[in-house]
Every structure is written in C-alpha cells, then in structure tokens.
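**Student:** Let's see this in three dimensions:
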Amino acid sequence: LPALAVPHLLALVRRAAALPPRARARAFALRPDRATVLVPAALIILELCHLFKVRRLWVPGTGLRDALAMQQLTAIGGSPPSPLAALLPPAAARQATRTVHVAQRLLAGLFVLHRRHAPAQQPLQAAALAWHLGALLQPARAAVLGAALLRARPDPMLTPAARRLALQVLAGLDDDAAELAPSAALLAGLLRLAIALSAQGVEPQGLDVDLLASPIVVRAALRRPLPAALTAPLSRALGRRLQVQ
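**Tutor:** Sure thing, here's the model as predicted:
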C-alpha cells in the first residue's frame, strides 16, 4: 500500500501546476486527457485532506475499474486457502480464519479501493495465520514464533515481496519492534486490532466502519471495552484517531 504524505502531494501539485498540459503529461507519464484534470483533481483531494485533517494518503494499487473487476472475480471463485491453515488444529483454525476475515473486513472498511487488493490481502492473511500458529506454542511470543515458522515453512502462494511484508507485519506486533515502513505499520496495527476483536467472538459481518466520524468509529458490538493501547498503533498509522465501540 504505497503511502503519500500530504505535504509531498502539495509539492507535486505545485510542480504539476507550473507545467503546461503537454509537458505535464511527459513529466508524470500521463495520458493527455489525464494531464488536463490532474491539478484540479489533486486540489480537491488536498481540500478534503485539510477538511478531515488527513496527514497521509494510501494510494490504490489499481483503478476503480480494476477493483470492480477483481471484486466480481473474487465473488465467483474466491481465493484459495493458505497452506499455513492446514497446520492448525480445527478449533485454532476456526479462530484464525475469523481473525483473517475480521482483518480483511477492517481493511475493506478503512480502504475501500483496496478492498480486493491482493498485495495487501495476502501478507495480512499469512501474518494472521502465522501469529495463531505461534500462539499455540507460546502465546506471549506468538509474533516471534509465527515469524520463525513462516521463514521455516514458506507459503508457496506468497510472492517474495508479500512474504517480506508479512514478516514485517509480525515484527510490528512485537511491542519492542523498531520503526516500520508505513504499509507494514498499517497492517500490523490492523492485525493487532483484528486479533483482539476475534478473541471476543466478533464476526466480520458484524463490523461497521464509519470513516466520516471523527474519530473514525468501528462498531463491533464489543462484550467488553478494548484497551486504548490496542487501537493506538492503527491510529498512528492512519494519521487519525480510531475508536472501537
């Protein structure tokens, strides 16, 4: 999930606005029709960022048409299960599957255009399953042991880049982790929250994300309140406060 800081976007807009459309198309590798609408569209985005106090944007990996096509393909065939799931006993596999689905539902709610974005879905699923495998061995060291298992038994369905990101996500679940790349920090914060929600029996279909609320509200019909520390990493990665109800 490529990240773009709002000040960087402003600098790009100023650079683009200083160029005539033809030169703008060459400088940014745009189609001519895109070059004419780039600056006004970016100004609208900047105004929305100012209105909603957004500090960082997560750039879609696909266009809207691609996302809709991928949604239809997924609805027809679904995605194949990860072989990591086969290593879990039945009860743990059900719990891990719920965590994966909750995490994916949160990703879909927070980043609508990434809803079927495989580069985000795959490492998120792999990290969730590896964490649950590690939790079976030693809950307090679930992320560390899960990462060791993922290294020892690579998932053939993961690309090398997705596997590296999954390992970074697991590292982000460690409270002593070093500073992460924005994508890894986002997915680690999201997975941390998904694990906590899944442990309370929250089902993905029971989740509702209100992006227009301030702070962002995730309605999950909690049995008991979550500690603020569980949502803090995701709030930092989003650049906006998030509240779970």
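
**Student:** how much space is there between residue 244 and residue 156?
**Tutor:** Counting by CB to CB, to the nearest Å, the separation of residue 244 from residue 156 is 35 Å. To be clear about C-beta, it is placed using only N, CA and C from the backbone, and glycine gets the same treatment.

**Student:** Tell me where the chain has strands.
**Tutor:** 3-5, 56-58, 208-210, 216-219, 242-244 (DSSP state E).

**Student:** Between those strands, which one is closest to residue 40.
**Tutor:** For the strands of the chain, proximity to residue 40 was assessed by CB to CB; strand 56-58 is nearest, at 17.0 Å.

**Student:** The closest one - contacts with which helices or strands?
**Tutor:** strand 3-5, helix 6-17 (3 or more CB pairs under 8 Å, 6 or more residues apart in numbering; DSSP states H and E).

**Student:** Can you say which of those is nearest to residue 148?
**Tutor:** strand 3-5 (28.2 Å).

**Student:** hang on, the earlier thing: looking at residue 244 and residue 156, which one has more neighbours?
**Tutor:** For residue 244 versus residue 156, the count of surrounding residues by other CB atoms under 10 Å is larger for residue 244: 21 against 7.

**Student:** What's opposite the more buried one in the beta bridge?
**Tutor:** Judged by DSSP bridges, the bridge partners of residue 244 are residue 218.

**Student:** residues touching it, list them.
**Tutor:** Taking CB atoms under 8 Å, 6 or more residues apart in numbering as the contact definition, residue 244 lies against 193, 197, 217-218, 220, 222, 226, 230-231.

**Student:** Of those, which pair is most distant in space?
**Tutor:** Pairwise over these, using CB to CB, the maximum falls at 217 and 230, 15.2 Å.

**Student:** To what extent is residue 236 buried, counted in neighbours?
**Tutor:** Residue 236: 14 neighbours (other CB under 10 Å).

**Student:** Tell me how far it lies from residue 163.
**Tutor:** Relative to residue 163, and taking CB to CB, residue 236 is found at 25 Å.

**Student:** can you check residue 26 too?
**Tutor:** Taking CB to CB, one finds residue 26 at 37 Å from residue 163.

**Student:** more neighbours, those two?
**Tutor:** residue 163 (19 against 11).

**Student:** Give me the distance between the more buried one and residue 86.
**Tutor:** 18 Å.

**Student:** tell me the contacts of residue 32?
**Tutor:** Going by CB under 8 Å, 6+ apart, the list of residues near residue 32 reads 21-22, 25.

**Student:** Tell me, please, where in this protein the pLDDT is lower than the cut-off.
**Tutor:** 1-3, 59-83, 112-119, 154, 175-178 (pLDDT under 70).

**Student:** And the helices and strands packed on strand 56-58: which comes nearest residue 107?
**Tutor:** It's strand 3-5; of those, that one is closest to residue 107 (CB to CB) at 14.8 Å.

**Student:** Contacts only, for residue 215.
**Tutor:** 235, 240-243.

**Student:** quick one on the thing from earlier: now restrict the contacts of residue 32 to buried residues only.
**Tutor:** Buried residues within these, defined by neighbour count using 16 or more other CB atoms under 10 Å: 21, 25.

**Student:** Hmm, residue 110 is touching residue 209, no?
**Tutor:** Yes - between residue 110 and residue 209 there is a contact at 6.0 Å, judged by CB atoms under 8 Å.

**Student:** Need the overlap of contacts for the two.
**Tutor:** Common neighbours of residue 110 and residue 209 (CB under 8 Å, 6+ apart) are residue 216.

**Student:** How far off centre is stretch 193-207?
**Tutor:** 16 Å (CA atoms, centre = their mean, to the nearest Å).

**Student:** for stretch 207-216, same thing?
**Tutor:** 16 Å.

**Student:** Great, nothing more from me.
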